[in-house]
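A.B. asks: Structure, please.
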Amino acid sequence: MSIIASKTSIKGYPGQMYDILARIVDKHGDILAASAFSAITIKIFNKRDLSTAIVLGGGSATAIVVATSQVTGALSSSGAWSSDSKGYNFSYSYDSGTDLTGGNKYVVEVKMTTSAHGIIRLSIDLDVERVSQV
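C.D. replies: This next block holds a predicted model:
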């Protein structure tokens with residue numbers, strides 16, 4: 001079973017830090033904590049080739065392994081959260097470094113594996129702006 005928990009779109013710039021914030025709940029709306037997850041990974045795909053994840057950090061890795069402790073059993077509404085007053089319980093800051101190039105569109109996929117709830121996916125459409133040379 002795979003569930004898309006959220007899909008959103010954002011614009012950014014090459015080399016930017018991106019904060020990924022989400023409220024992760026079960027089908028009843030109950031907040032999930034770190035203990036519910038066995039693995040969390042992030043892959044990024046250029047929209048020109050959605051079948052192949054991009055290589056990250058100039059190496060050979062195509063996935064970022066995220067500690068399950070990035071999910072908490074309590075909600076926070078601090079920082080960049082503006083979706084509602086309830087808050088989020090998952091946060092991860094991705095430093096795009098040289099991974100993303102201006103003028104390209106990407107899909108950031110967060111895959112959260114649980115034993116009791118299957119796979120939960122967050123999908124983010126990311127439009128990286130060109131930076132003009134002055």
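
A.B. asks: Could you check how far N104 is from G29?
C.D. replies: The spacing between N104 and G29, counted by Cβ to Cβ, to the nearest Å, is 36 Å. All C-beta atoms are positioned from the backbone trio N, CA, C, and that covers glycine.

A.B. asks: Could you do D84 as well?
C.D. replies: According to Cβ to Cβ, D84 and G29 sit 13 Å apart.

A.B. asks: Which helix or strand contains the most centrally placed residue in the chain?
C.D. replies: To find the centre residue of the chain, average its C-alpha atoms and take the closest one (Cα atoms, centre = their mean): that gives V110, at 4.5 Å. Here V110 is covered by strand 105-114, with elements defined by DSSP states H and E.

A.B. asks: Given that strand, what are its sheet partners and their directions?
C.D. replies: If you go by DSSP bridges, strand 105-114 pairs up with strand 37-46 (antiparallel), strand 119-128 (antiparallel).

A.B. asks: Stretch 21-40: which residues count as buried?
C.D. replies: If you call a residue buried by 16 or more other Cβ atoms under 10 Å, then stretch 21-40 has these buried ones: L21, A22, R23, I24, I31, L32, A36, F37, I40.

A.B. asks: Let me see the contact set for Y92.
C.D. replies: Under the criterion of Cβ atoms under 8 Å, 6 or more residues apart in numbering, the contact partners of Y92 comprise D19, I20, I42, V66, Q70, V110.
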